[in-house]
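*Asks:* Sequence plus the predicted model coming up.
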Amino acid sequence: MPRVFCAINVPEKIREELNSFRDEYPDLPLRWTKKENLHLTLLFLGYVNDDELLDVCDLVKEVGRRHTPFTISLKRIVFGPPKKKPPRLIWVEGRASKKLTRLQQGLESSLFENVKEDPDQETHGFSPHITLARIKQWQWHQLEPEEIPEIDKEISFTFLVESIEVMESELKKEGPEYHVLESIPLSN
C-alpha cells in the first residue's frame, strides 16, 4: 500500500537556494533532505489502499476547485518544531496566509471525514514549513552546548501555488523518495 500525503512542491530555483543552506553547517550531525524532496506538507494520510487512493484524488480535486492560486512566503530557517527541546529538525518557516490555511483545513476536513481517520488522532495545528534536515539525535546529544549553533536565519522567498500534489513517500534505507501520484490544479 502506498504511504500518501498532500503537498505543495517548491519551485526548482527556490529548492536550489534552500539546498545551499547545508554549506553553512557541514559539521552538525544532520541528515539533509534531498533537494528534489523539498516540499511543504499540507496533510499526511499514511498508508492507503487502492480504493482509498482513488477517493483521495477525487476529494483533493474537489478541494482544489474551491481554491484559487495564491502565493506562499518563506520567512526564516530555524530549529523545529517550535519549543521542542532538543530540536528534531531544521526547517524553513512559511507564513500562514488565510488562503493557505483554508486550503489545508479544507483538505483535512474532507479527507479525514471521508477517507481516513487522522493518523495522529489529535490536532497539532498547521504550521507551514519545509524540512531541510533531520537531526541525528544520538550524535546531537554528544555535542557540547557551545558546539550547538543558534539557527535563526531570516530569508525572503515567495512563490505562486497553482497546484496541490498527491504524493507517495517510499521509505528507503538512504532516505525517503517522493513521487507525485497526481497533480491537481487550483481553480482559476
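*Replies:* Structure's in. What do you need? Numbers count the residues shown, from 1 in each chain.
*Asks:* Residue ranges in this structure under the pLDDT threshold?
*Replies:* Regions of the chain meeting the criterion pLDDT under 70 cover residues 116-124, 188.
*Asks:* quick one, strands of it?
*Replies:* For the chain, the strands defined by DSSP state E cover 3-9, 30-32, 39-47, 70-80, 89-94, 129-135, 152-161, 163-170, 177-185.
*Asks:* And the shortest one, how far out from the chain middle?
*Replies:* It stands for strand 30-32. Mean-position distance between strand 30-32 and its chain equals 16 Å (C-alpha atoms, centre = their mean, to the nearest Å).
*Asks:* do you know how far the residue nearest to residue 95 when sequence neighbours are not counted is from residue 93?
*Replies:* Ranked by C-beta to C-beta, 6 or more residues apart in numbering and with sequence neighbours excluded, the top spatial neighbour of residue 95 is residue 73, at 4.2 Å. Just so you know, the C-beta spots here come from the backbone N, C-alpha and C atoms, and that holds for glycine as well. Separation of residue 73 from residue 93 (C-beta to C-beta, to the nearest Å): 10 Å.
*Asks:* So which of the strands of the chain is nearest residue 104?
*Replies:* Closest to residue 104 of the strands of the chain, according to C-beta to C-beta: strand 39-47, at 4.9 Å.
*Asks:* That concludes my questions; thank you for your assistance.
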